[in-house]
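Undergrad: Below are the sequence and a predicted model; questions follow.
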Amino acid sequence: MAGTDICVIGAGSGGLSLAAGAVQMGAQVVLVEGAEMGGDCLNTGCVPSKALIAAAEAAAAMRGAGRFGIGAVEPAVDFGAVKDHVAGVIATIAPVDSQARFEGLGVRVIRGWARFVSPHEVEVAGERIRARRFVIATGSHAMVPDVPGLAAVPYLTNETVFALRERPEHLVILGGGPIGMEMAQAHRRLGCAVTVVEAARALGREDAEAAAVVLARLRAEGVDIREGAAAVRLRVPAGGGVEIVLADGQVVTGSHLLVAVGRLPALERLDLAAGGVAFDRRGVTVGRGLRSVSNRRVYAIGDAAGGAQFTHVAAYHAGIVIRQAVLGLPARLRDDHIPRVTYTAPELAQVGPTEAEARATWGARLVVARAGFDHNDRAQAMGEAEGFAKLMVVRGRVVGATVAGPRAGEVIAPLALAVSARMKVSALAGMVLPYPTLAEVAKRAAGAYFSPKLFDNAGLKRVVRFVERMIP
Ligand SMILES: Cc1cc2nc3c(=O)[nH]c(=O)nc-3n(C[C@H](O)[C@H](O)[C@H](O)COP(=O)(O)OP(=O)(O)OC[C@H]3O[C@@H](n4cnc5c(N)ncnc54)[C@H](O)[C@@H]3O)c2cc1C
Ligand SMILES: NC(=O)c1ccc[n+]([C@@H]2O[C@H](COP(=O)([O-])OP(=O)(O)OC[C@H]3O[C@@H](n4cnc5c(N)ncnc54)[C@H](O)[C@@H]3O)[C@@H](O)[C@H]2O)c1
């Protein structure tokens, strides 16, 4: 039986960050992976989706070139070659997450599925590993809802959609969350007909005004988005493909179906009962330090920990556990400063609470300051002046920010710092940014916070008139 300081289960975004950090600080680390090194993000999530989106953006640019006085053309999309591009991006990044790289760092990598055999041992590939600490970093799977007929129709998930080499004639997407909307626009731009069937509101977790900016563009590009549309039955029609009957009796048909209605933690192989590790449908039950409430040797990070499901959150979790399990220091999760981006065009970025969430917490103490991209000269030059930035400000400090518009995911960066460092809005308003940049929208929103105080202030006007008379 092998013994080690830390046994990390799962070599995805969270597990790799933890293993790399812990081993480089001097801990003995065993890393166990049952499938591909790199996990969801590299193989079936962030990386392939953003590579597909980049190809789709190129196609959209060709169609939209006319507005610049350049002849617009309908691109000839070779769907298989687009998938080669996607596979190529994965292959280029893969060495960073590879077994060879981690072994080079001094990590012992074992390929196989781990399961607990006792509260202090796991078994993998016929070997028992005893560790002082275990870190569950096993990620999540696509949830498949219990809709009658779904099990009998062929469907895609994030695990299969990126490998599809033929272009879907008509892609129907169940679920209008970030996966659904990113995939809807990308496939539409690559020449597919696309229908999104969303049971509630598309991008429903986002600020409604920001979501509306994105949904308007998707609809203008030809994505058919059905909201409040509960699927009640699915079947394969006579000619093949898929048919979805909605609660209101409408029928949606398509050639392919993508299921994107949320995720379930990947805990099924772990035999958590044998490890004495409590869990529920959301993930391993942990406290603010990400430690299992029932087995103090065990931590959980990333999608398996039951919170926000993002690669940067998994990496943040890894840091929290390293502080405790490697350095012996206390560490507690914060969740009021986590940014997220939906990579549609325009993008939708959020950090901290939305306006509605901030209103519920701070009520009348909340001040919302905003600026539109229509006053941003760079956005105008690019012909992409839809959208806005808004800041949620409480007692002069930025507690949250929303950006919907071109490259919102980049524009949110200084706002993520402002929220994380609990900066004053005056620091944002006072920064000097290069002109013309999209990020100026954030500074302008901060400036808008002070406008009423500076420009509609009778007292200040009296002071200025007095000063003007007095100075020689
Ligand atoms: C289509 C899509 C697009 C996404 N886009 C983004 C994005 O743009 N930005 C973003 O921040 N996030 C994005 N995400 C979310 C992101 O991919 C996840 O939040 C992230 O991968 C979670 O990391 P993790 O380490 O928890 O799990 P994973 O990266 O999934 O890694 C878990 C690993 O554990 C392994 N494993 C599971 N069980 C066992 C076991 N018993 N023994 C051994 N190994 C095991 C799995 O094989 C897997 O390799 C996207 C997700 C999807 C599906
Ligand atoms: N850009 C990014 O960072 C990014 C991109 C993709 C995914 N992700 C991560 O992956 C997670 C999962 O994404 P997701 O889009 O699968 O899930 P989600 O939970 O965010 O959205 C799922 C949507 O499906 C709807 N839905 C649920 N059941 C339904 C049904 N039976 N019929 C129709 N609609 C139904 C929900 O109302 C919801 O709007 C995200 O929460 C996010 O954390 C991140």
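TA: Looks like it arrived, so ask away. Numbering: from 1, shown residues only. Ligands and ions are numbered 1, 2, ... in the order given.
Undergrad: and Leu272, how many neighbours does it have?
TA: Here the count is done by other C-beta atoms under 10 Å, and Leu272 has 22 residues near it. Where C-beta positions appear, they are placed from N, C-alpha and C, glycine not excepted.
Undergrad: Return the residues in contact with the residue of the chain found nearest ligand 2.
TA: Of the residues in the chain, the one nearest ligand 2 is Gly177, at a distance of 2.1 Å by C-beta to the nearest ligand atom. With contacts taken as C-beta atoms under 8 Å, 6 or more residues apart in numbering, Gly177 has the following neighbours: Leu203, Gly204, Arg205, Ala260, Val261, Gly262.
Undergrad: okay, now Ala278: neighbour count?
TA: Using other C-beta under 10 Å, Ala278 has 15 neighbouring residues.
Undergrad: before we move on, back to that, which ones among the contacts of Gly177 also lie next to ligand 2?
TA: When contact is defined as C-beta under 6 Å from any ligand atom, the contacts of Gly177 meet ligand 2 at Gly204, Ala260, Val261, Gly262.
Undergrad: tell me which of those residues is nearest to ligand 1?
TA: Nearest to ligand 1, judged by C-beta to the nearest ligand atom, of these is Ala260 at 7.6 Å.
Undergrad: sorry, back to before: can you say which of the contacts of Gly177 are buried?
TA: Leu203, Ala260, Val261 (16 or more other C-beta atoms under 10 Å).
Undergrad: how close does the second one get to Arg233?
TA: In this structure, Ala260 lies at 19 Å from Arg233, with C-beta to C-beta, to the nearest Å as the measure.
Undergrad: hey, where'd the strands end up in the stretch 151-300 of the chain?
TA: Across the stretch 151-300 of the chain, reading from the start of the chain, the strands by DSSP state E, counting those that start in this stretch fall at 170-174, 193-197, 224-226, 231-235, 242-246, 251-254, 256-259, 263-265, 279-280, 283-284, 298-300.
Undergrad: pLDDT value on Phe471, please?
TA: Careful, residue 471 is Ile; it's not Phe. Per-residue confidence (pLDDT) for Ile471: 84.
Undergrad: And the longest helix anywhere in the chain, what's buried?
TA: Ranked by residue count, the top helix of the chain under DSSP state H comes out as helix 46-64. For helix 46-64, the neighbour count (16+ other C-beta under 10 Å) marks Cys46, Val47, Pro48, Ser49, Ala51, Leu52, Ile53, Ala55, Ala56, Ala59, Ala60, Met62 as buried.
Undergrad: what's the answer for stretch 190-206, then?
TA: For stretch 190-206, a neighbour-count test (16+ other C-beta under 10 Å) marks 190-199, 202-203, 206 as buried.
Undergrad: With distance to ligand 2 as extra columns, can I get the buried residues of helix 46-64 in JSON lines?
TA: Output for the buried residues of helix 46-64, formatted as JSON lines (distance: C-beta to the nearest ligand atom, whole Å):
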{"residue": "Cys46", "distance to ligand 2": "7"}
{"residue": "Val47", "distance to ligand 2": "11"}
{"residue": "Pro48", "distance to ligand 2": "11"}
{"residue": "Ser49", "distance to ligand 2": "6"}
{"residue": "Ala51", "distance to ligand 2": "13"}
{"residue": "Leu52", "distance to ligand 2": "12"}
{"residue": "Ile53", "distance to ligand 2": "10"}
{"residue": "Ala55", "distance to ligand 2": "17"}
{"residue": "Ala56", "distance to ligand 2": "14"}
{"residue": "Ala59", "distance to ligand 2": "20"}
{"residue": "Ala60", "distance to ligand 2": "18"}
{"residue": "Met62", "distance to ligand 2": "24"}
